[in-house]
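Participant: for reference, the sequence and a predicted model appear below.
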Amino acid sequence: MTMTGLEADTATAYRRFATNEARGNSPIYEAICLRIADDDAVLSLIATLPAPKRQPNLVLGAARYLDAPSDDASSFVNWLREHWDEVRAVALSRATQTNEVGRCATLLPFIADAARAAGDGPIALVEVGCSAGLALYPDLYDYEYVSAGSEGGVDSGAGGERPLLTCVVAGALDEMTNATPRAPTIAWRGGLDLNPLDVLSDDPEALDNARWLRALVWPGQDERASRLAAAIDTVRRHVTSHPEDAAHIVRGDVVDDLERLVAQVPDELHLVLFHSAVLAYVDDDTRTRFERRLHELTHRPGGFTWISNEAPSVMPGTRDAVAAAWEPRDLRGRFVLALDGQPRALTGPHGQSLTPWDATN
C-alpha cells in the first residue's frame with residue numbers, strides 16, 4: 001500500500017513506506033523513515049499536519065527543498081526536528097507532484113497500441129494529475145527496451161540531446177504490443193491537476209517549481225534527477241519553438257473538473273487518457289467515481305482508451321484480479337498498469353521495468 005497520508009497511524013505509515021517503497025530504491029530514505037517511525041517527538045510534529053499532508057514523500061521532499069542533509073539518517077531527522085516550522089510551511093503550501101518522465105517508457109507501448117487500434121491516425125493525449133506536464137510529451141524522448149537478463153537492448157530513438165528512457169522488459173515486447181513501440185502523432189495534449197506547475201518559462205516561480213520537483217527525487221537517484229532536468233529543457237525548447245503544441249492545462253479536481261478538460265478535446269481525435277501514481281492520494285469514494293466517469297467516456301465519437309498506472313491496491317476495479325494473482329509481498333515496489341480497467345502489466349514505479357501481465361503468473 002502506498003502511503004497517502006490518509007492512514008491513521010503515522011508511525012506505521014512511515015515504516016511501511018520504508019519497507020515497501022524506499023527499500024531497494026533509496027537506502028537513505030529507508031533509514032530516515034524507519035528512524036522517524038521510532039521517534040515520538042518527530043511523529044508528534046508530523047501529526048500537526050492535516051492528514052493528507054503527512055505522507056513521507058511530501059514531508060521529506062519539503063525538507064530536501066530546504067536543503068536538509070541527505071547523506072545520514074540521524075542528521076536528517078535531527079535537522080527535521082530543528083527546522084520543523086519551515087518544513088511545515090512548505091508541506092502546507094506544496095503537494096506531492098513527482099513528474100517522473102521515466103514512466104513514459106512503460107506507458108508508450110500502450111499509447112502506441114491504442115493509436116494503432118484506432119487506425120494509426122493522430123490522437124489526443126490527456127494526463128490526469130499532470131504536475132508540470134512533462135509526461136504529455138512522450139514523442140520528445142528516446143527509448144531503449146532491454147530484455148531482462150540480457151546486456152543489449154532495442155533503441156527506438158537516436159539519443160543524444162533528447163532524454164533516453166531505458167526500461168527492462170520481462171518477455172517479448174512485441175508479443176504484448178504487436179510492434180516495437182513508437183510514439184504516435186499527438187495532435188492535442190491536455191492535463192488536469194489541482195496545482196499545475198509551470199516549469200517551462202524563465203520567471204522565478206517556474207525556476208522555483210523546478211527546484212521543488214528536484215526535491216521530490218529521492219536521494220541517491222542521480223539518474224532520475226538528470227532525466228528530470230533534461231526533460232524540462234527538452235519540453236521547454238519544443239514549446240518555445242512550437243507554441244501551438246503547448247498542453248491545454250486545467251486546474252481542478254480529478255472528478256469534478258475532468259469534464260471541463262475532456263470537453264476541449266476535438267471530437268474527431270481518439271482520446272488516450274492516462275494517470276500514474278495519482279489516485280493513491282484520494283479516498284476510495286473518489287476513485288470509484290473516477291472509474292465510473294472514465295467508463296462513460298467510451299462513447300466518445302472519436303473513441304477512448306484509458307491507461308491507469310497505479311499502486312496495486314489503489315484501483316477498485318482491478319483489486320480482485322491483482323489479489324487473485326499475487327501475494328502482497330510480491331507486489332512491493334510495483335505498479336499495476338491497466339488498459340480500460342483490465343490489468344496488462346506490472347511496472348516499476350519510475351518506469352524502470354515492464355512485465356506483461358501474462359508473464360507474471
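Facilitator: Structure's in. What do you need?
Participant: which stretches of the stretch 51-200 of the chain form strands?
Facilitator: When secondary structure is read from DSSP state E, counting those that start in this stretch, the stretch 51-200 of the chain shows strands at 123-128, 142-147, 154-155, 164-169, 186-193.
Participant: mind listing the strands the first one pairs with, and their directions?
Facilitator: Read it as strand 123-128. Strand 123-128 has its sheet partners listed here by DSSP bridges as strand 186-193 (parallel), strand 270-276 (parallel).
Participant: re earlier: let me have the strands of the stretch 51-200 of the chain in TSV, extended by mean pLDDT and distance to Ser308.
Facilitator: All C-beta spots, glycine's among them, are computed from the backbone N, C-alpha and C. Output for the strands of the stretch 51-200 of the chain, formatted as TSV (pLDDT from 0 to 100; distance: least, C-beta to C-beta, whole Å):
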stretch	mean pLDDT	distance to Ser308
strand 123-128	97	9
strand 142-147	90	21
strand 154-155	40	25
strand 164-169	92	18
strand 186-193	97	14
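Participant: out of those, which is closest to Thr305?
Facilitator: The closest approach between Thr305 and any of the strands of the stretch 51-200 of the chain, judged by C-beta to C-beta, belongs to strand 123-128 at 8.5 Å.
Participant: neighbouring contacts of that closest one?
Facilitator: Contacts made with strand 123-128 from outside it, assessed by C-beta atoms under 8 Å, 6 or more residues apart in numbering, are listed as 111, 114-115, 133, 135-136, 138, 184-192, 254, 258, 261-262, 265-266, 269-276, 278, 290, 302.
Participant: any quick ChimeraX command for the buried ones out of these?
Facilitator: To isolate the buried subset of these in ChimeraX, counting by 16 or more other C-beta atoms under 10 Å, use the following:
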select :111,114,115,133,135,136,138,184,186,187,188,189,190,191,192,254,258,261,262,265,269,270,271,272,273,274,275,276,278,290
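Participant: flag the shaky bits of the protein, pLDDT-wise.
Facilitator: Per-residue confidence of the chain (counting by pLDDT under 70) places the weak regions at 1-8, 149-160, 172-180, 358-361.
Participant: where do the domain boundaries of it fall?
Facilitator: By the assignment in automatic domain parsing, the chain contains the domains 10-93, 101-359.
Participant: the helices in the stretch 101-250 of the chain, which residues?
Facilitator: Residue ranges of the helices in the stretch 101-250 of the chain, as given by DSSP state H, counting those that start in this stretch, are 104-117, 173-177, 204-215, 222-241.
Participant: can you give me the strands for the stretch 201-350 of the chain?
Facilitator: Assigned strands in the stretch 201-350 of the chain, in chain order: 248-251, 270-276, 304-310, 335-339, 342-347 (criterion: DSSP E, counting those that start in this stretch).
Participant: redo the ones you listed as a markdown table? Include distance to Arg81.
Facilitator: Formatted as a markdown table, the strands of the stretch 201-350 of the chain follow (distance: least, C-beta to C-beta, whole Å):
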| stretch | distance to Arg81 |
| --- | --- |
| strand 248-251 | 35 |
| strand 270-276 | 33 |
| strand 304-310 | 33 |
| strand 335-339 | 33 |
| strand 342-347 | 36 |
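Participant: out of those, which comes closest to Val239?
Facilitator: Taking C-beta to C-beta, strand 248-251 is the member of the strands of the stretch 201-350 of the chain nearest to Val239, at 11.8 Å.
Participant: other SSEs contacting that closest one?
Facilitator: The elements that strand 248-251 packs onto, with contact taken as 3 or more C-beta pairs under 8 Å, 6 or more residues apart in numbering; DSSP states H and E, are strand 186-193, helix 258-262.
Participant: what about 6 Å?
Facilitator: Secondary-structure packing of strand 248-251 (3 or more C-beta pairs under 6 Å, 6 or more residues apart in numbering; DSSP states H and E): strand 186-193.
Participant: now do the strand it packs on: distance to the chain's middle.
Facilitator: With C-alpha atoms, centre = their mean, to the nearest Å as the basis, the distance from the averaged C-alpha position of strand 186-193 to the chain average is 16 Å.
Participant: in CSV, could you pull the C-alpha coordinates for it?
Facilitator: This file holds the C-alpha atoms of strand 186-193, laid out as CSV (Å, rounded to 0.1, in the frame of the first residue of the first chain):
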residue,chain,number,x,y,z
ILE,A,186,-0.1,13.6,-30.9
ALA,A,187,-2.4,16.4,-32.3
TRP,A,188,-3.7,17.6,-28.9
ARG,A,189,-2.4,17.5,-25.4
GLY,A,190,-4.2,18.2,-22.2
GLY,A,191,-3.6,17.9,-18.4
LEU,A,192,-5.6,18.1,-15.2
ASP,A,193,-4.1,18.9,-11.8
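Participant: what's it in contact with?
Facilitator: Outside strand 186-193, the residues within contact range by C-beta atoms under 6 Å, 6 or more residues apart in numbering are 122, 124-130, 133, 136, 139, 247-250, 261, 269.
Participant: and that strand with helix 104-117, angle?
Facilitator: For strand 186-193 and helix 104-117, the angle between their directions (axes from the mean of the first three to the mean of the last three C-alpha atoms, to 10 degrees) works out to 130 degrees.
Participant: got the buried residues for the helix or strand encompassing Ile32?
Facilitator: Element membership of Ile32, judged by DSSP states H and E, is helix 27-37. When neighbours are counted by 16+ other C-beta under 10 Å, the buried residues of helix 27-37 are found to be Ile28, Tyr29, Glu30, Ala31, Ile32, Cys33, Leu34, Arg35, Ile36, Ala37.
Participant: including distance to Thr318, could the residues you listed go into JSON lines?
Facilitator: Shown next, in JSON lines, are the buried residues of helix 27-37 (distance: C-beta to C-beta, whole Å):
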{"residue": "Ile28", "distance to Thr318": "32"}
{"residue": "Tyr29", "distance to Thr318": "27"}
{"residue": "Glu30", "distance to Thr318": "28"}
{"residue": "Ala31", "distance to Thr318": "33"}
{"residue": "Ile32", "distance to Thr318": "31"}
{"residue": "Cys33", "distance to Thr318": "27"}
{"residue": "Leu34", "distance to Thr318": "30"}
{"residue": "Arg35", "distance to Thr318": "34"}
{"residue": "Ile36", "distance to Thr318": "31"}
{"residue": "Ala37", "distance to Thr318": "29"}
